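Student: Please find the sequence and the predicted model below.
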Amino acid sequence: MTSVLTRQGLRSECVAGDGSLAIETRSLVRSFGDLNAVDGASLSIPRGSLFGLLGPDGAGKSTFIRMLATVLAPSEGDAFVFGHSISHEQNAIKPRIGYMSQAFSLYPDLTVRENLDFFAELRGVPRKEMDSRAKRFLEFSGLTEFAGRQAQHLSGGMKQKLALAVTLMHDPDLLLLDEPTTGVDPVARREFWRIIAGLHCEGITVLVATPYMDEAERCTEVAFMDNGRILLHETPGALKKRVCAQTGEERVCMEEAFAHVIAEARSGEANA
Amino acid sequence: MMSLLRRIAAVTRKEFIHIRRDPRMLASILVLPVIQLLLFSYAISFDVTDVPTVILDQDRSAESRDYLASFEHSEFFRVVDHIESDVEADRAFDTGSAKVAVIIRPGFADAIARGDKADVAVLIDGSEPNSAQLGRAYASALSSTQDRQILVGWAESRGMDVTSMGSLSPQIRTWYNPDRRSADFLIPGLMVVIIMIVTIQQTAVSLVKERDQGTFEQLTVSPIRRGELMVGKVLPWLILAFVETAVIVAVGVLLFGVPLRGSVLALALGSVLFVFSSLAIGLLISARASSVEFANMAGLLVSFLPGFMLSGFAFSLESIPPALQFISYLFPGRYMVVIARSVFLKGADVATVLPQLGALLVYALVSLTLASFAYSRRL
């Protein structure tokens, strides 16, 4: 795993997807009372991608990801993770995904190592590999010296790295990360993304929801979500090129492209 | 199968770590029961002795003197005065110099000689319900034993067959706790109350806490089934509840000298079913509660109140209002209090407490089924 760190950034050398889909959602709906948090979202995410799900707060990103993680049942529509339905094949999906929710969701009174071991046991990680995996993930997330510290006494960035390490213990093929760097300082954020890039290089498909546009730049593909719907889905480069053409600007950053897309979508809705 | 056991073991181990790292929880498991034991067994004593008593003997016969002597010799009554009239009894109550007045009307000895029921009036100052109730019970106990002695003595002196006499067989009272020592009476009941409070309280918060911390979602994405999670979470409390039961029994027997007269098996069976029932109540609260605070309150309400009030621990269940009596059937405490007292004091075996064991078995099955349904809901 140390090789990940040295290889990071060399995206061209990364393992390429085979073109099959890791995730496919079909008119996915989840309502809470009268509100449709996710309102007919259809999206295809190819294997091997580092996929950024962007959108303002309350766009429905978390609900979308929680359904894919089989934590939440859809109200309508269906989605397939590696070809398995999230509605009735959760048990085929669970072993292959790692899910990191928005809030820190580990046991504050358990130590770093105890948290790792507990979830690894639940996930059925072979006993023989438990120790070596724990050491490896502690090492590459920089938590080795904090292994005996209770999770509640970790800094925000370390907590997120621990949460990520926990989701990796069972060797998942797909990572679902819900705003993993929210509330984390810039240095820790960059560090965190370095790790994600490394994982992506190893062939893990990553779906990451984020409100940060600079993080979107690092993704192989992005989708915008607003009001529970997927507005667009393309590569960051293609998106910027299109927005440039529409606005006549020479260069746009992701933030401007994002604002443009949202404004466009909302005015379109208003006209309709 | 192996992975199932492994998941359950992992949850149980984790729960033990939580318990170990939470000083407040540790205190409530280890210290609280000890305090309760000491408090109830030493400080709050229901023992009543030396109740000031006045005596009015209008018969002045050998029999009446015999009868009244039993009051004078009792530890419970302290004869403070021999009075001459009913008015004096009133005055003694008014001034508080006596709580009990024993009055024998003329004709007491004659009635006994005839083989009729001899009347004794025992007046009790009801302003202190506890003393009053005990006083009444005592007086009637004394009377009935005394009654027989007098009658037997009378029959034998006349060469009659005792068993043929109708008035000799009535009212045979057996006193399981003849000294009426509070500890003997309280500790078997207290054991039930403590177990109920600890198990319900702690399991009530267990699942809600996972929701609160967001760890529940992590559990949901792992392959663990709800049933496994439930078993894993309950196991530590099951173990602790049994340890605690054993400790309370040991303390009761060794330190307070409570007799353990009956079948230990009956007590153990009852405890197992009772602990399961209590845990199920806690689990139900946990599955339904919306917050840790709510679960805490509900746990408190469901364990403390029924534990103390509706289990027969402190108040006799016959003396509470019918509506509350009905409610008391909905909590497992009342069945277990009967089992514990019967085994400790009456020397009961499994067969004797079979109705209560049956009730607890049904209770445990129903409540555990409900709890696992409540647990297996999806978000």
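Tutor: Noted; the coordinates are in hand. Numbering: from 1, shown residues only, chains lettered A, B, ... in the order given.
Student: Going by C-alpha atoms from here, please, whenever you check contacts or count neighbours.
Tutor: Noted.
Student: Helices along chain A, start to end?
Tutor: Taking DSSP state H as the test, the helices found in chain A are A:2-7, A:61-68, A:90-93, A:112-122, A:127-140, A:156-168, A:186-201, A:213-216, A:236-247, A:254-271.
Student: lowest-confidence stretch among those helices?
Tutor: If you rank the helices of chain A by mean pLDDT, helix A:2-7 sits at the bottom with a mean of 39.
Student: Kindly report the residues of the stretch 101-250 of chain B close to chain A.
Tutor: Proximity of the stretch 101-250 of chain B to chain A, by CA under 8 Å from any CA of the partner chain, involves residues B:Gln213, B:Gly214, B:Thr215, B:Phe216, B:Glu217, B:Gln218, B:Thr220, B:Val221, B:Ser222, B:Pro223, B:Ile224.
Student: one step back: quick check: which of the helices of chain A is nearest to B:Ala340?
Tutor: helix A:112-122 (39.3 Å; CA to CA).
Student: Give me the buried entries from the residues of the stretch 101-250 of chain B next to chain A.
Tutor: For those, a neighbour count by 16 or more other CA atoms under 10 Å in any protein chain shown gives the buried set as B:Gly214, B:Thr215, B:Phe216, B:Glu217, B:Gln218, B:Thr220, B:Val221, B:Ser222, B:Pro223, B:Ile224.
Student: Among the helices of chain A, which comes closest to B:Val247?
Tutor: Of all those, helix A:112-122 sits nearest to B:Val247, with 30.9 Å by CA to CA.
Student: tell me what that closest one is packed against?
Tutor: helix A:127-140, helix A:156-168, helix B:2-21 (3 or more CA pairs under 8 Å, 6 or more residues apart in numbering or on different chains; DSSP states H and E).
Student: hang on, the earlier thing: for the helices of chain A, which one sits closest to B:Leu260?
Tutor: Smallest distance to B:Leu260 across those (CA to CA): 43.1 Å, for helix A:112-122.
Student: which two in the buried ones among the residues of the stretch 101-250 of chain B next to chain A are spaced the farthest apart?
Tutor: Checking those with CA to CA, the most distant pair is B:Gly214 and B:Pro223, at 16.8 Å.
Student: Need the helices of chain A in a markdown table (columns: mean neighbour count and distance to B:Ser316).
Tutor: Listed next are these as a markdown table, based on neighbours: other CA atoms under 10 Å in any protein chain shown; distance: least, CA to CA, whole Å:
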| stretch | mean neighbour count | distance to B:Ser316 |
| --- | --- | --- |
| helix A:2-7 | 13 | 72 |
| helix A:61-68 | 24 | 54 |
| helix A:90-93 | 19 | 53 |
| helix A:112-122 | 23 | 48 |
| helix A:127-140 | 16 | 56 |
| helix A:156-168 | 23 | 55 |
| helix A:186-201 | 19 | 65 |
| helix A:213-216 | 18 | 70 |
| helix A:236-247 | 16 | 77 |
| helix A:254-271 | 14 | 71 |
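Student: Out of the ones you listed, which gets nearest to B:Ser291?
Tutor: Nearest of the helices of chain A (CA to CA): helix A:61-68, 21.1 Å.
Student: Report the contact partners of the residue of chain A found nearest chain B.
Tutor: Nearest to chain B, among the residues of chain A, is A:Ser105, at 4.6 Å (CA to the nearest CA). By CA atoms under 8 Å, 6 or more residues apart in numbering or on different chains, the residues touching A:Ser105 are A:Ala163, B:Gln213, B:Gly214, B:Thr215, B:Phe216, B:Glu217, B:Gln218.
Student: Same question for B:Glu15.
Tutor: So B:Glu15 contacts B:Lys233, B:Pro236 (CA under 8 Å, 6+ apart).
Student: follow-up on the earlier one: closest one to A:Arg229 among the helices and strands packed on helix A:112-122?
Tutor: For these, the distance to A:Arg229 is smallest for helix A:156-168, at 27.4 Å, taking CA to CA.
Student: Only the C-alpha atoms, please, for the closest one, written as PDB.
Tutor: Below are the C-alpha coordinates for helix A:156-168, written out as PDB (Å, rounded to 0.1, in the frame of the first residue of the first chain):
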ATOM      1  CA  GLY A 156     -11.300  16.000  12.500                       C
ATOM      2  CA  GLY A 157      -9.000  14.900   9.700                       C
ATOM      3  CA  MET A 158      -7.800  11.900  11.600                       C
ATOM      4  CA  LYS A 159     -11.300  10.800  12.300                       C
ATOM      5  CA  GLN A 160     -12.200  10.900   8.600                       C
ATOM      6  CA  LYS A 161      -9.100   8.900   7.800                       C
ATOM      7  CA  LEU A 162     -10.000   6.400  10.400                       C
ATOM      8  CA  ALA A 163     -13.500   6.200   9.000                       C
ATOM      9  CA  LEU A 164     -12.100   5.600   5.600                       C
ATOM     10  CA  ALA A 165      -9.700   2.900   6.900                       C
ATOM     11  CA  VAL A 166     -12.700   1.200   8.500                       C
ATOM     12  CA  THR A 167     -14.500   1.100   5.200                       C
ATOM     13  CA  LEU A 168     -11.500  -0.400   3.500                       C
END
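Student: the inter-axis angle of that helix versus helix A:186-201?
Tutor: 20 degrees (axes from the mean of the first three to the mean of the last three CA atoms, to 10 degrees).
Student: Next one: the residue lying closest to B:Ser85 once chain neighbours are set aside from chain A, what distance?
Tutor: Spatial nearest neighbour of B:Ser85, excluding adjacent residues (CA to CA, 6 or more residues apart in numbering or on different chains): B:Leu56 at 6.8 Å. Noted for B:Leu56: a distance of 72 Å to chain A, by CA to the nearest CA, to the nearest Å.
Student: Below-threshold pLDDT in the stretch 251-379 of chain B: ranges please.
Tutor: For the stretch 251-379 of chain B, applying pLDDT under 70 flags the ranges B:377-379.
Student: so who does the closest residue to chain A within the stretch 1-150 of chain B touch?
Tutor: Here the stretch 1-150 of chain B gets closest to chain A at one residue, B:Arg7, 5.0 Å apart by CA to the nearest CA. For B:Arg7, the contact set (CA under 8 Å, 6+ apart) comprises A:Glu121, A:Leu122, A:Gly124, B:Ile224, B:Glu228, B:Gly232.
Student: Pick the one among those closest to B:Leu305.
Tutor: Looking across those and measuring by CA to CA, the closest to B:Leu305 is B:Gly232, at 28.1 Å.
Student: Can you get me a residue count around the closest one?
Tutor: 22 (other CA atoms under 10 Å in any protein chain shown).
Student: That one against B:Thr12, yeah?
Tutor: Yes: counting by CA atoms under 8 Å, B:Gly232 touches B:Thr12, with 4.7 Å between them.
Student: how about stretch A:20-36: buried residues?
Tutor: Across stretch A:20-36, burial judged by 16+ other CA under 10 Å covers A:Leu21, A:Ala22, A:Ile23, A:Glu24, A:Thr25, A:Ser27, A:Leu28, A:Val29, A:Arg30, A:Asn36.
Student: which of those residues are close to chain B?
Tutor: Here nothing survives when the buried residues of stretch A:20-36 are matched to chain B using CA under 8 Å from any CA.
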